[in-house]
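[1] kindly generate the corresponding structure for this input.
(3 chains)
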Amino acid sequence: MMQNKILIANRGEIALRIIRACKELGIGCVAIYSNSDENSLHVKFADEAICVGPAHASESYLNMNNIISAAVSTGCNAIHPGYGFLAENDKFATIVEKCNLKFIGPTSDAMAKLGNKSMARRIAKEVDIPIVEGSDGPVEDLAAAITVAKHIGYPILIKAVSGGGGKGISIIKNEEELVRLFDLTRHEAEANFGNSQVYIEKYIENPRHIEVQIIADAYGNMVHLGERDCSIQRRNQKMIEEAPSPFVNEKLRGMLGAAAVRLARAVGYQNIGTVEFLVDKDGNYYFMEVNARIQVEHPVTEMVTGVDLVKEQIRIAYRSELPFRQEDVNLSGHALECRLNAEDPSLNFRPAPGLIRNVVLPGGPGVRLDTHIYNNYEVPPYYDSLLVKLITYAPTRKETIRKMRVALEQLIVDGVKTNIEILYLIMHNTNFVRGVYDTGFVRDFLETIKGE
Amino acid sequence: MDFKQIQSLIRDFEKSSLTNLELELEGFKIKLSKNNLSKVHEEIKVEEKPVNYEKPKGFAVKSPLVGTYYAAAGPNEKPFVEVGDKVEIGQTLCIIEAMKIMNEITASVTGVIESINATNGSPVGFDQVLMVIV
Amino acid sequence: MNNIFEDRKAKVETYKKDIRGKKEKLFKVDIPEGLFVKCEKCNEHIFREDLSTNHYVCLKCRSHFRISARERIKMITDIDSFYELFSNLKTLNPLNFPNYEEKIKQYQVQTNELDAFISGVATLGGEMVAIGVMDSFFMMGSMGSVVGEKVTRLVEYATEKRLPLVIFAASGGARMQEGIFSLMQMAKTSAVCQHHNEAGLLYISVLTNPTTGGVAASFASLGDIIIAEKGALIGFAGQRVIKQTIGEELPENFQTAEFQFKKGFVDMVVDRKDLKKTLVKLLQLHKKAELR
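    Residues are numbered from 1 along each chain as shown, chains lettered A, B, ... in the order given. So this is what the prediction gives:
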């Protein structure tokens, strides 16, 4: 009889997170690593580990053939893609399915539909979810772009159809800028995502980035687990997230949640996903995109709902029913997450890999750490710079913030430069503490402290 | 210097580990140099190793693929090589099966099998040492 | 430093084995056969679906895989435009060659074709052509009576209907099991190509991998325009025979399409992805031309 065994197609803290979930469920787990990740913690703690290529991600963590071969030859019957890398690659999911392995995530079909931004917007519109006004699909050329822009009114955004991570996006304030930057943006899209198609969207200034966690089993039970506020971003990279959002009231929460579930149902969604919205100053919400994977900031939702999202992912993939319905979901307390990265704020947050000489970790009630670093760990230069996810949880937002301040004071990572001071300062910032902030916050905040 | 002496000088130079030789005698000057590209390669390789790396004696046959290691062509057949066997360049050492495709791994050096470090039927990863040839 | 992890792992393993008596057995998922193929040139493993959407050309090194005659027709002709002709010709055993009938049967079952040549009419980019494709998967594309007869009938049809002719060659040469009958096909096909030529009609010959022996030495080399697919092996005698006969080393890339192009034996070397549009262009250019 075939025993359940999962190959974790990722690295760093998320690989460790998945290993923990596997072990708690009594499921065997196999880690993959590149030549430069031999000493990584996820390699040390998995049941087995197998090298899949040299340091560069394209030859290892993005190497579909090697990863699938690793899964088959180590006797796995499922692959968990984590986040990033191949997590939202519908072609990878298709091949995994064809190899009779379970892909721990949504179906390749749902991924393909939602991965194409303009198709996702069309689907959202069909189920009455407000979308930011824009072109219905990619714009053919500059002339078409000008027509659309005239219709919806400036300012507008030109966005790459296959984009993500903040690349392939240009803010355009008037027609002259559109003429100047249209082709440039198409080139950026081609270079970063291999697809030069772009679409146009109304630009909402300084919105809040609010996303809803959805979870669905293979039997049609779709549930939302509340929202997260991820507006604290530097250049479209999230720094601090919290659940629930200090901006969202019960009514808005209900509408966002219902919209997210409607969208999930429209594509027959399974497993875990996040529906992203932009919310303007007046509380109007607009659908942005769907992230068809587990996300970095999932812990804050776990803290306020009590649901172990990664364990549920695995259970759902192995055909278990969701053990709860929407009415059983209870949001209680407040959670905050700070992302500690190996970067140098004084050098424009340039990544700062290197040897971590010493680590001292905080603790106490309501303090959670998701991290893969340890004393004498060498942070490789080839991947993202995330070192530690520091999460605090308390009955009120005020207490959570206080707890985070203390935890940051007691978190020491010696040997590489980090953004810990910026995080600490934000925790004391008046506007942040009042819960009054939007996606322009970090930009303005950094300007302020530069001046000091 | 007569032609025979020059020939013997060239032969000696070739056998030696010198890469450059300049000789000047009365009325005669000769300059010899070797293009030792492979040596440069090896030097780069050593620099990439971590600090406490022990340089192994011999040539490590590393897996270029991720898959399952098979010592023989079939379940009831003799293994391709055993410890102590002499092998030549191009000789099949083992098979690595990846996604139902069989891949023969051949020797890129001539020598003797010092050790076989992979187990028949076990998974092997990229760059995993399969054998050592001395 | 590494020891702390190894030590801990060893202790946990020991506990699990001793106290809980856990046994480890390796069960492997059964992946379907043929999901991946290996490129013979660069050893890259390719997902079969990717290969077919990429014209059966290796995504890494652009080595052109051999394809069946039906696959070629599907790739080159306009959708649903192909009408097969002379499909009922079947091989007999004129010399009573031992085991020949069994071998034919085996290949018929394997390839689902009656022999190594498919003939018919189709449109390419809207242009009507008489088209023939050899199948190297059927007994190495060897030419026997059936192949020779089908080629002949196709060329006669093209001459009668005043159609341009496109033939894809892929062959290891004449079929030895039919002896002199096979060799005779060389003369027969060459003659009928001459009639087509005298009628002032266009014949484009496409040489694919491999095109050798009696086929190379007859109709395949008689095109008004000879196109070779990138990397194809094109020649008459085999390399070993030539080397032994002349007692000399052969130049690098001997008998490749590129080599033949340099020596003037083929008119152009085309990558498979550009083949259809190249043929269409040539057909359009020669539409009203009288090639006398």
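[2] and the helix or strand B:V112 falls within, average pLDDT?
    B:V112 belongs to strand B:111-116 when assigned by DSSP states H and E. Averaging pLDDT along strand B:111-116 yields 94.
[3] domain map for the chain?
    If you meant another chain, say so; for now it's chain A. According to automatic domain parsing, chain A is divided into the following domains: A:5-104, A:133-202, A:208-451.
[4] actually chain B
    B:1-53, B:56-133.
[5] so is the helix or strand where C:A10 lies next to chain A?
    Assigned by DSSP H and E, C:A10 belongs to helix C:3-20. Yes: residues of helix C:3-20 are located near chain A by C-beta under 8 Å from any C-beta of the partner chain, namely C:5, C:9. In short, each C-beta sits where N, CA and C put it, glycine included.
[6] which strands or helices does that helix pack on?
    helix A:41-45 (3 or more C-beta pairs under 8 Å, 6 or more residues apart in numbering or on different chains; DSSP states H and E).
[7] wondering if the helix it packs on reaches chain B at all.
    No: applying C-beta under 8 Å from any C-beta, one finds helix A:41-45 separated from chain B by no less than 10.8 Å.
[8] after that helix, which helix or strand is next? Please name it.
    Scanning forward in sequence from helix A:41-45 by DSSP H and E, the next helix or strand is strand A:48-53.
[9] least confident of the domains of chain A, on average?
    Among the domains of chain A, domain A:133-202 scores lowest, with a mean of 86.
[10] any part of that domain near chain C?
    No: using C-beta under 8 Å from any C-beta, domain A:133-202 never reaches chain C; the gap is at least 13.6 Å.
[11] between the two ends of that domain, how far is it?
    End-to-end distance for domain A:133-202: 5 Å, by C-alpha to C-alpha, to the nearest Å.
[12] dump the domains of chain B into CSV; add distance to chain C and mean neighbour count as well.
    Shown next, in CSV, are the domains of chain B (distance: least, C-beta to the nearest C-beta, whole Å; neighbours: other C-beta atoms under 10 Å in any protein chain shown):
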stretch, distance to chain C, mean neighbour count
domain B:1-53, 9, 10
domain B:56-133, 5, 17
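[13] make CSV from those domains and add distance to A:N195 to it.
    As requested, the domains of chain B are exported to CSV (distance: least, C-beta to C-beta, whole Å):
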stretch, distance to A:N195
domain B:1-53, 36
domain B:56-133, 28
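[14] mean pLDDT lowest where, among those?
    domain B:1-53 - the lowest mean pLDDT of these, at a mean of 67.
[15] if we can go back for a sec, ok, and which of the domains of chain A has the densest surroundings?
    Mean neighbour count (mean count of other C-beta atoms under 10 Å in any protein chain shown) peaks for domain A:5-104 among the domains of chain A, with a mean of 22.
[16] and the residue lying closest to C:H286 once chain neighbours are set aside, what pLDDT?
    Excluding the flanking residues, the one nearest C:H286 by C-beta to C-beta, 6 or more residues apart in numbering or on different chains is C:L202, at 4.6 Å. C:L202 is assigned a pLDDT of 95 by the prediction.
[17] thinking C:L202 is in contact with C:L165, fair?
    Yes: counting by C-beta atoms under 8 Å, C:L202 touches C:L165, with 7.0 Å between them.
[18] can you list contacts of the helix or strand that contains A:I32?
    For A:I32, the element it lies in under DSSP H and E is strand A:28-34. With C-beta atoms under 8 Å, 6 or more residues apart in numbering or on different chains as the contact definition, strand A:28-34 has outside contacts at A:3-11, A:15, A:18-19, A:22-23, A:40, A:42-43, A:45-57, A:59-61, A:67, A:70-71, A:74, A:76, A:382.
[19] and for stretch B:18-26?
    Contacts for stretch B:18-26 (C-beta under 8 Å, 6+ apart): B:1, B:9, B:13, B:29-34, B:36.
[20] and if you look at stretch A:392-412?
    Under C-beta under 8 Å, 6+ apart, the answer for stretch A:392-412 is A:242, A:246, A:303-304, A:332-336, A:338, A:340, A:358-364, A:366-368, A:388, A:390, A:420, A:423-424, A:427-428, A:433, A:435.
[21] circling back to that earlier point, how far off strand A:48-53 does the strand holding A:I32 point, in degrees?
    Put simply, strand A:28-34 runs at 30 degrees to strand A:48-53, going by axes from the mean of the first three to the mean of the last three C-alpha atoms, to 10 degrees.
[22] restricting to C-alpha, output strand A:28-34 in PDB.
    Extracted as PDB, the C-alpha positions of strand A:28-34 are listed here (Å, rounded to 0.1, in the frame of the first residue of the first chain):
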ATOM      1  CA  GLY A  28       6.900  11.600   5.400                       C
ATOM      2  CA  CYS A  29       8.600  14.600   3.800                       C
ATOM      3  CA  VAL A  30      11.400  15.000   1.300                       C
ATOM      4  CA  ALA A  31      13.300  18.300   1.000                       C
ATOM      5  CA  ILE A  32      15.000  19.500  -2.100                       C
ATOM      6  CA  TYR A  33      18.000  21.800  -2.200                       C
ATOM      7  CA  SER A  34      20.400  23.500  -4.500                       C
END
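[23] ok, that strand: who's next to it in the sheet?
    Strands adjacent to strand A:28-34 in the sheet, as given by DSSP bridges, are strand A:5-8 (parallel), strand A:48-53 (parallel).
[24] quick one: which of the ones you listed is nearest B:Q5?
    Of all those, it is strand A:48-53 that lies closest to B:Q5, at 54.1 Å by C-beta to C-beta.
[25] quick one: contacts of whichever helix or strand comes after the closest one?
    Using DSSP H and E, the helix or strand that follows strand A:48-53 in sequence is helix A:64-73. Under the criterion C-beta under 8 Å, 6+ apart, residues A:7, A:9, A:30, A:32, A:50, A:52-53, A:60-61, A:78-79, A:86, A:89, A:91-92, A:95-96, A:99, A:101, B:65-68, B:97-99, B:123-126, C:28-29, C:31, C:36, C:45, C:47 lie in contact with helix A:64-73.
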